[in-house]
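Colleague: this one's sequence-less:
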């Protein structure tokens with residue numbers, strides 16, 4: 001005989017599975033608009049992997065190094081399906097003012113993670129940032145108001161060791177509307 005708890009659990013599972021195909025179809029049709037802050041090696045590696053695995057359109061790139069930025073824009077245009085060259089910015093605040101980004105990848109040096117992350121969350125974008133998300137208590141505390149006041153998803157990812165290792169040795173922490 002089936003208990004009430006087991007019956008409710010099974011009913012919920014069936015309902016969830018019945019919604020899955022339509023949810024997956026909605027996600028497959030939607031191209032997420034992506035921006036990258038920090039177009040160095042790590043930023044491009046993360047962005048190119050995202051282009052491979054998800055239906056995205058890279059619309060904005062930001063880096064303070066003009067040569068690195070131009071090279072990244074060229075490579076992105078060659079790799080994405082539309083072959084459109086993304087807009088380029090030297091200041092992340094100008095890029096985030098456009099308000100057309102769904103996802104922002106942040107791959108700046110460690111001491112620059114906090115400010116672009118706070119600005120991207122306040123702009124309403126989902127954020128993927130390399131760890132550490134902050135290098136001191138002040139920057140870490142500054143993140144709280146932006147996280148708690150929005151419903152964006154923030155993911156922080158970093159290696160457990162400073163040497164390049166397979167992805168199985170990395171850590172990923174995600175949260176919706178709260179810090180990772």
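Modeller: Cool, got the structure. If you're wondering where the values come from, they're calculated on a predicted model, not measured in any experiment. Numbering: from 1, shown residues only.
Colleague: where do the strands of this protein begin and end?
Modeller: According to DSSP state E, the chain carries its strands in the segments 32-37, 56-62, 87-89, 103-106, 126-130, 153-159, 170-176.
Colleague: how about the second one, which residues are buried there?
Modeller: Spelled out, it's strand 56-62. By 16 or more other CB atoms under 10 Å, the buried positions in strand 56-62 come out as 56, 58, 59, 60, 61, 62. Any C-beta I mention is one placed from the backbone N, CA and C, and that applies to glycine too.
Colleague: for that strand, which helices and strands make contact with it?
Modeller: For strand 56-62, the elements it packs on are strand 32-37, helix 41-53, helix 66-79, strand 87-89, helix 92-97, judged by 3 or more CB pairs under 8 Å, 6 or more residues apart in numbering; DSSP states H and E.
Colleague: show me where pLDDT drops low in this protein?
Modeller: For the chain, the stretches with pLDDT under 70 are 1-2, 7-8, 13-29, 132-180.
Colleague: give me the residues contacting stretch 74-86.
Modeller: Residues outside stretch 74-86 that contact it (CB atoms under 8 Å, 6 or more residues apart in numbering) are 35, 44, 47, 48, 51, 56, 57, 58, 59, 60, 61, 73.
Colleague: what about residue 87, neighbour count?
Modeller: Residue 87 is flanked by 16 other residues according to other CB atoms under 10 Å.
Colleague: next: the one 4 residues further on.
Modeller: Other residues within reach of residue 91, judged by other CB under 10 Å, total 11.
Colleague: quick check: nearest residue in space to it, chain neighbours excluded?
Modeller: In this structure, residue 91 finds its nearest non-sequential neighbour in residue 62, 7.1 Å apart by CB to CB, 6 or more residues apart in numbering.
Colleague: pretty sure that neighbour sits against residue 89.
Modeller: Yes. Between residue 62 and residue 89 there is a contact under CB atoms under 8 Å: 4.3 Å.
Colleague: what do these two both touch?
Modeller: Common neighbours of residue 62 and residue 89 (CB under 8 Å, 6+ apart) are residue 95.
Colleague: okay, domains of this protein per the record?
Modeller: As assigned by automatic domain parsing, the chain contains the domains 1-30, 31-176.
Colleague: and residue 11, how far is that from residue 118?
Modeller: 42 Å (CB to CB, to the nearest Å).
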